[in-house]
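[1] sequence and predicted structure below; questions after.
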Amino acid sequence: MDIPSENRWLSRETINLNLTAESELETIEAMLELVDKSGLTADIKILAEDLLHHEVLEPTHTGNCALIFHVLSRSVIKPGIFFGRFVKGIGYYSESGHPIDLVFLIVAPPEMEADFLNVMGKIKSAMGKPDARKELREAKTPEAALKILG
């Protein structure tokens, strides 16, 4: 998928292929659970506040059946890409009219803004490609998804 040198941001532990949620807020909570387990943040509550504040000011675009949440936060110790897949899709739809089933959360400390924007651009570009979305939907394990993403 061409997220090359940035794959240090991604690991097996930052991938969940069996997400369940009925709303955008539940989706954010599920993704924040992945972040909390990763140890990449000093304070998950600050990160949650920063992400929710960002979502109010600049809501995430919901094109191509994917969500890409992103936030720069002083609570982030090390940057990370978190990927989740919903088995059925969640209870709301993308601009294409299809259920959202692929979700990313990109987090980084503010001093890494240039790298953060580069990673975000690569993921947005990849999610614009039907083949990339298809491969992620068919991945059987986090390792397979990691191989596709990395």
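    Received, thanks.
[2] residue 53 versus residue 68, what's the distance?
    Between residue 68 and residue 53 the distance is 17 Å, computed by Cβ to Cβ, to the nearest Å. (Each C-beta comes from the backbone N, C-alpha and C, glycine too.)
[3] these two: who's more crowded?
    Between residue 68 and residue 53, residue 68 has the larger neighbour count (other Cβ atoms under 10 Å), namely 19 against 12.
[4] the more buried one sits in which helix or strand?
    With secondary structure defined by DSSP states H and E, residue 68 is part of strand 66-72.
[5] run through the neighbouring helices and strands of that strand.
    Secondary structure elements in contact with strand 66-72, counted by 3 or more Cβ pairs under 8 Å, 6 or more residues apart in numbering; DSSP states H and E, are helix 24-38, helix 44-57, strand 102-108, helix 113-127.
[6] so how far is the first one from its chain's centroid?
    The gap between the average C-alpha position of helix 24-38 and the chain average comes to 10 Å, counting by Cα atoms, centre = their mean, to the nearest Å.
[7] by how many degrees do it and helix 44-57 diverge?
    Interaxial angle of helix 24-38 relative to helix 44-57 (axes from the mean of the first three to the mean of the last three Cα atoms, to 10 degrees): 150 degrees.
[8] quick check, central residue of this structure?
    If you average the C-alpha coordinates of the chain and look for the closest C-alpha using Cα atoms, centre = their mean, you land on residue 104, 1.3 Å from that point.
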